[in-house]
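*Asks:* build the 3D model from these lines:
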Amino acid sequence: MRRTRFAYLVLLAAFFLPFLYGRAETPENPAASAAPPPVSETVRLLVGQDVRELPLEDYLVGVLAGEMPASFEPEALKAQAVAARTYTLSCARSHKHGEADICADPAHCQAWLDEAAMRKNWGENYERNRARLAAAVTDTAGRWLAYEGEPIFAAFHASSAGATEDCGAVWNPRPYLVSVPSPESAETVPNYVTVLRCAVLDFRDTLLATRPGADFSAPPESWIGSLDRDGSGRVASVTLGGAVFTGVELRRLFSLRSTAFTLAFEGGQFCFTVTGSGHGVGMSQYGANVMAGQGADWREIVAHYYPGAVLNG
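*Replies:* Next comes the predicted model:
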């Protein structure tokens, strides 16, 4: 009888102790380990060699000033604010900048302008433009995008050529950064199509610096071989002088605005005709502006360009 009573006491303790002391964060309790991160009120920004601590919302106004024209539709500006806030959270959790959360180098993180730069750029329109950007940040305060509880890598770019790029074609694949249609065109994007002409010797020497084994002994008009495109229509690879180059490589080597290009030999030169601007992954800024002009709100815009991501905050 005593053994029976003891067994009952053990069972009762096992049942009630978790409620008294809290549930452990174990794989059997995924909700506890997937709690969303708080949105910090400040950001530590690396500017050159200095780390500045700024209110997050003020920092985001500077990001919008550096990344998107203040004249864009309000809903596009709000979508950019959410993307920038999310990107900041993602960078802060990666600890890639040591004691800083993120840097002000647009080639590495996000562009950012301080008040002096904004005043210089906008002149007499400073007050109006800053108010537009501040409203976009305030109207989306605390909102960010997550996938499986973590802030997403909210990549964005200037403009696409009919569709965004799958992240796997540029970096590591991510389920919320896949190719989706994007509505911008030559009518809605300045310099949507650009042309780069390259002299024969410059073209050859640039490629040989990367592929010394390429063969350019034949006439130049025969150097261009097969060109393959990926699902977004961008160049996946091109055979040049018998060597294979990726579209991403050629964009870097010749400073092309995007990998959505054609390549031809004409008039004694090599001619790249390029559509759009940027790596093509994530939200197209001009595409977002077109969507906003057509009546989409910021929630619809981020849902379109980051499919599968969940809006938090």
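*Asks:* what about residue 131, how many residues nearby?
*Replies:* 12 (other CB atoms under 10 Å). C-beta here means a position set from N, CA and C on the backbone, and glycine is covered the same way.
*Asks:* do you know how far it is from residue 117?
*Replies:* Computed as CB to CB, to the nearest Å, the residue 131 to residue 117 distance reads 17 Å.
*Asks:* and residue 220, by the same measure?
*Replies:* Applying CB to CB to residue 220 and residue 117 gives a distance of 45 Å.
*Asks:* the two: which has the busier surroundings?
*Replies:* Neighbour comparison, residue 220 and residue 117: the larger count goes to residue 220, with 16 against 13 (by other CB under 10 Å).
*Asks:* flag the shaky bits of the chain, pLDDT-wise.
*Replies:* Scanning the chain for pLDDT under 70 picks out the ranges 1-39.
*Asks:* same thing but at 80, please
*Replies:* For the chain, the stretches with pLDDT under 80 are 1-40.
*Asks:* contacting residues for the nearest residue to residue 67 once chain neighbours are set aside?
*Replies:* Using CB to CB, 6 or more residues apart in numbering and skipping the chain neighbours, the partner closest in space to residue 67 is residue 111 (5.0 Å). Residues near residue 111 by CB atoms under 8 Å, 6 or more residues apart in numbering: 63, 66, 67, 104.
*Asks:* for residue 111, phi and psi?
*Replies:* phi -70, psi 150 (degrees, to the nearest 10).
*Asks:* where's it relative to residue 196, distance?
*Replies:* Taken as CB to CB, the span from residue 111 to residue 196 is 24 Å.
*Asks:* hey, where'd the helices end up in this structure?
*Replies:* Secondary structure of the chain (DSSP state H): helices at 2-21, 30-33, 56-67, 74-94, 115-122, 126-139, 200-208, 247-253, 285-293, 298-305.
*Asks:* can you point out the buried residues in the last one?
*Replies:* Put plainly, it is helix 298-305. Within helix 298-305, the residues that count as buried by 16 or more other CB atoms under 10 Å are 298, 301, 302, 303, 304, 305.
*Asks:* who touches that helix?
*Replies:* Contacts for helix 298-305 (CB under 8 Å, 6+ apart): 75-76, 78-79, 81-83, 140, 145, 156, 164, 180, 182, 282-284, 287-288, 291-292, 296, 309, 311.
*Asks:* one more: the fifth one?
*Replies:* For helix 115-122, the external contacting residues (CB under 8 Å, 6+ apart) are 62, 65, 70, 113, 126, 129, 130.
*Asks:* now swap in the third one and tell me
*Replies:* Helix 56-67 is contacted by residues 39-43, 45, 70, 77, 80-81, 84-85, 88, 106, 110-114, 117-118, 121, 129-130, 133-134, 136-138, 141, 156, 285 when judged by CB under 8 Å, 6+ apart.
*Asks:* among the residues you listed, name the buried ones.
*Replies:* Buried members of these, scored by 16+ other CB under 10 Å, are 39, 43, 45, 70, 77, 80-81, 84-85, 88, 110-114, 118, 129-130, 133-134, 136-137, 156, 285.
*Asks:* before we move on, the earlier item: output the helices of the chain in CSV, with distance to residue 171 appended to each entry.
*Replies:* Rendered in CSV, the data for the helices of the chain read as follows (distance: least, CB to CB, whole Å):
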stretch, distance to residue 171
helix 2-21, 42
helix 30-33, 26
helix 56-67, 19
helix 74-94, 13
helix 115-122, 29
helix 126-139, 27
helix 200-208, 24
helix 247-253, 10
helix 285-293, 19
helix 298-305, 16
